[in-house]
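Enquirer: What shape does this take:
(4 chains)
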2 protein chains.
Amino acid sequence: MLIFSFVRRLLKSIVIFRLINSLKEMKKGNITIKDLARELNVSPSTISRALKDHPDISPETKKAVKELSEKLNYQPNSVALSLRQSKTNTIGVIIPEIAHFFFSAVISGIEDIAHNAGYHVIITQSNESIDREMMNTKALFNSRVDGILISISRETNQFNHLQQLIDAGTPVVFFDRVVESINACKVIVNDEQGAYEATTHLIEQGYYRIAHLAGPQNLTISNNRLNGFKAALADNKYMIDDNLIKICGLGTYEEAEAITNELLDYRFPPDAIFANNDVAAYGAMTAIKKRGMKIPEDIAIVGFSNWRFSSLIQPALSSVTQPGFKMGQEATRLLMKQINLGKDEEAITETISLKTNLVVRESSLKRPSEQV
Amino acid sequence: MLIFSFVRRLLKSIVIFRLINSLKEMKKGNITIKDLARELNVSPSTISRALKDHPDISPETKKAVKELSEKLNYQPNSVALSLRQSKTNTIGVIIPEIAHFFFSAVISGIEDIAHNAGYHVIITQSNESIDREMMNTKALFNSRVDGILISISRETNQFNHLQQLIDAGTPVVFFDRVVESINACKVIVNDEQGAYEATTHLIEQGYYRIAHLAGPQNLTISNNRLNGFKAALADNKYMIDDNLIKICGLGTYEEAEAITNELLDYRFPPDAIFANNDVAAYGAMTAIKKRGMKIPEDIAIVGFSNWRFSSLIQPALSSVTQPGFKMGQEATRLLMKQINLGKDEEAITETISLKTNLVVRESSLKRPSEQV
DNA sequence: AACGTGTTCGCAATCGTTTGCGGTGAAAAT
DNA sequence: ATTTTCACCGCAAACGATTGCGAACACGTT
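Expert: Reported below is the predicted structural model:
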């Protein structure tokens, strides 16, 4: 018995030595189930079963397998697994830009749910380009991700690539920037309501000539915000002056600054600006400051998205917060639901609408003395 | 001939009908090479060869294959390809946090090079947690990515998981937050020089009691910045007062604010602060402002990283820029070089050091009247 | 007629893992 | 002594694509 054990141990160390050697030779020598099988003189099936505590395998074999696997630090090849099971346990995300606080928050929400469900997350950026977006959808499809979360790019005005994806059976959930015409799961924030509240807030503060820096109107969210803006004006018997509604197509800081300058050049410039997003708001603030005008005394500003540093700038920027983290969570939950659907079950097409929240800071407050 | 053509066309449409039908049934019915083979009555090998213009295949067959493949929108299964070729054409990235302007820039740089080389990029966040980082390395390894780019977490103080990765033959390139003790490719910025220049700048502006908000000292970058700070003081014959060097371990805004308050409580508080990063600088600014002190008149501030909004806050924050995009590019180039290495070639262990650049803004400028 | 040549394609193995089914041997039941 | 039972394990096919090798066939050449 002792001798046997000794011999076995000797054999094992030789085995390990041999493996390490061949590993060095092969450079990228990842241990496979076959390696374990060869060294223990059993079949690969046995290794596979032993590693997952299949009842057909004897305790001794299991022990031996597990020990060797531990010692050689065996790691199952996910690629092979994915192929075998036609399931990658991976979901893909397509967003316009990572360097965007809102989207970063969404990603964290996505990872939160996905990781707990045992999924990996592949993130891709479209960089606001439809070509890039199409490439990404194709790449994710070819990688056979189990599902896709997408917020479309600023440029996206046709949706074949997305419809194809859905037709091929890939579960898709849209978030934030959704596509109206596609029948699928969607998670949005109530942009219209957010814009309505922001505008109402400006009205309540006593501003009467309110401009809007709008986003590109092919994006539903931009359109909704514009509608909310108009609705608030209308409900308060304010006239809607199209000259005070400017579309910022690029979404850059500089563009907003230039467009704000146009507004300020009017004979009767606005006394408040509601910006489609915080970046535009920053641009507006810059233009205003450069003219020596004061915020909010001369012009009030409200933004949208509540970037991380909106509270840090001077004056602190009022903004509509979007629940990014929660949106990521909800979108991923919907996706998981779809993925786990039986083949025969009907596809679900739920739409979740999350509430926004207006955070009032200095940039939109009339001074006490000036308040009505 | 005409009849033949007609029959063939008829057959084809039936074929397609059948496929579409079975596709609907199978829900996730991705077209495979076998499907094409069955419908055209050839072997899968022929399909494979036809699709890649192998000379062994007749022009007619090629044409038929390509047409059908086009019509059914055949997309090769990347998973199967990866398994077959032991190559995933994917690289993994591990960063502490996505919601960080510097890292976002790095990612864009990475994608720039990687996409051009035909690689996908998988991004994972460690959230500054070593556990998460270990999980991510394992997950990426199991996914058999062709290489990994990593910037370690704030918590990471042991490196077994990374050494194992390298020992297993996975190409790894460290960037920004590198591990000194591991022999591998690294891309860093010259933190010491950056800190040296920032500190020298403060000295030249006439500040004489300069404090430093340092980062956790297990991070080489933090340590280098501290060293640069000290070196600048020493070279200018300034004394190094350890009371003016405070370590911010968490890296949060609030922590920096609290620690700055400690500095301000001194009988002789500092008249300038060089912060290890911009977030800490923001915290310091908040603390200073809350006391009614003025920047830079009472206290000057210089940060590190040059966040996107450092130029927007009041006063605009002087900061040391790090070339994030370029860093991502360089790191990826190094990784590509490693990946394309022959099996027998010696592993490369290059270290690239990028230059920083001090951007002087209001927060560190003595007023003209007060300047020497 | 036999052989050589070239074109066009299929067979089968392979990547790493899983799994239904069948096989072996020993112990237990008849 | 024969059958049944059970524990334990291996065979082989499968996931989708690639590729070395050989086969079949139609030519042209001797």
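Enquirer: Just the CA atoms of stretch A:315-326, as PDB, please.
Expert: Extracted in PDB, the C-alpha atoms of stretch A:315-326 (Å, rounded to 0.1, in the frame of the first residue of the first chain):
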ATOM      1  CA  PRO A 315     -22.700  78.300 -10.900                       C
ATOM      2  CA  ALA A 316     -23.800  74.800 -10.100                       C
ATOM      3  CA  LEU A 317     -26.000  73.600 -13.000                       C
ATOM      4  CA  SER A 318     -29.600  72.700 -12.500                       C
ATOM      5  CA  SER A 319     -30.300  69.500 -14.400                       C
ATOM      6  CA  VAL A 320     -32.700  66.700 -14.900                       C
ATOM      7  CA  THR A 321     -31.300  63.400 -13.600                       C
ATOM      8  CA  GLN A 322     -31.700  60.200 -15.500                       C
ATOM      9  CA  PRO A 323     -31.500  57.000 -13.500                       C
ATOM     10  CA  GLY A 324     -28.700  55.500 -15.500                       C
ATOM     11  CA  PHE A 325     -27.800  52.700 -13.200                       C
ATOM     12  CA  LYS A 326     -31.400  51.700 -12.800                       C
END
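Enquirer: Which of the helices and strands in chain A ranks last by mean pLDDT?
Expert: The weakest-scoring helix or strand in chain A, judged by mean pLDDT, DSSP states H and E, is helix A:2-26 (a mean of 42).
Enquirer: any idea which helix or strand comes after that helix?
Expert: Under the assignment DSSP states H and E, the closest C-terminal helix or strand after helix A:2-26 is helix A:33-40.
Enquirer: what about that following helix, near chain B?
Expert: No - judged by C-beta under 8 Å from any C-beta of the partner chain, helix A:33-40 stays clear of chain B, getting no closer than 13.1 Å. C-beta coordinates here come from the backbone N, C-alpha and C atoms, glycine included.
Enquirer: just stretch A:358-366 next, same as before
Expert: No - Stretch A:358-366 lies apart from chain B when judged by C-beta under 8 Å from any C-beta; the minimum separation is 11.2 Å.
Enquirer: Just checking the distance from that stretch to the centre of its chain.
Expert: Distance of stretch A:358-366 from the chain centroid (C-alpha atoms, centre = their mean, to the nearest Å) equals 28 Å.
Enquirer: my guess is A:Trp32 contacts A:Val79, does it?
Expert: No, residue A:32 isn't Trp; it's Thr. No - if you go by C-beta atoms under 8 Å, A:Thr32 and A:Val79 don't touch, sitting 11.5 Å apart.
Enquirer: So between those two, which is more surrounded?
Expert: The neighbour count for A:Thr32 versus A:Val79, taken as other C-beta atoms under 10 Å in any protein chain shown, is higher for A:Val79 (24 against 16).
Enquirer: Can you pull out the residues in contact with the host helix or strand of the more buried one?
Expert: Using DSSP H and E, the element containing A:Val79 is helix A:78-85. Contacts to helix A:78-85, defined as C-beta atoms under 8 Å, 6 or more residues apart in numbering or on different chains, come from residues A:88-90, A:144, B:77, B:79-80, B:82-83, B:88, B:142-144.
Enquirer: Check stretch A:224-231 too.
Expert: With C-beta under 8 Å, 6+ apart as the criterion, stretch A:224-231 contacts A:191-199, A:212, A:214-215, A:217, A:240, A:245, A:274, A:276, A:304.
Enquirer: Looking at the residues you listed, which are in strands?
Expert: Mapping the contacts of stretch A:224-231 onto strands (DSSP state E) picks out A:212, A:214, A:245, A:274, A:304.
Enquirer: which residues in the stretch 201-350 of chain A form helices?
Expert: For the stretch 201-350 of chain A, the helices defined by DSSP state H, counting those that start in this stretch occupy A:220-235, A:253-265, A:278-290, A:324-339.
Enquirer: The stretch 51-200 of chain A too?
Expert: Assigned by DSSP H, counting those that start in this stretch, the helices in the stretch 51-200 of chain A fall at A:59-71, A:78-85, A:101-116, A:130-142, A:160-167, A:191-204.
Enquirer: quick one, which of those helices is nearest to B:Arg38?
Expert: Minimum separation from B:Arg38 across the helices of the stretch 51-200 of chain A (C-beta to C-beta) falls at helix A:78-85, 19.8 Å.
Enquirer: How about that closest one, which residues are buried there?
Expert: Of the residues in helix A:78-85, those buried by neighbour count under the rule 16 or more other C-beta atoms under 10 Å in any protein chain shown are A:78-80, A:82-83.
Enquirer: again, but for stretch A:332-345
Expert: By 16+ other C-beta under 10 Å, the buried positions in stretch A:332-345 come out as A:332-336, A:338-339.
Enquirer: Please dump the residues you listed into a markdown table; it should also carry distance to DNA strand C and pLDDT for every row.
Expert: Listed next are the buried residues of stretch A:332-345 as a markdown table, based on distance: C-beta to the nearest atom of the strand, whole Å; pLDDT from 0 to 100:
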| residue | distance to DNA strand C | pLDDT |
| --- | --- | --- |
| A:Thr332 | 25 | 98 |
| A:Arg333 | 26 | 97 |
| A:Leu334 | 27 | 97 |
| A:Leu335 | 23 | 96 |
| A:Met336 | 20 | 96 |
| A:Gln338 | 22 | 93 |
| A:Ile339 | 17 | 93 |
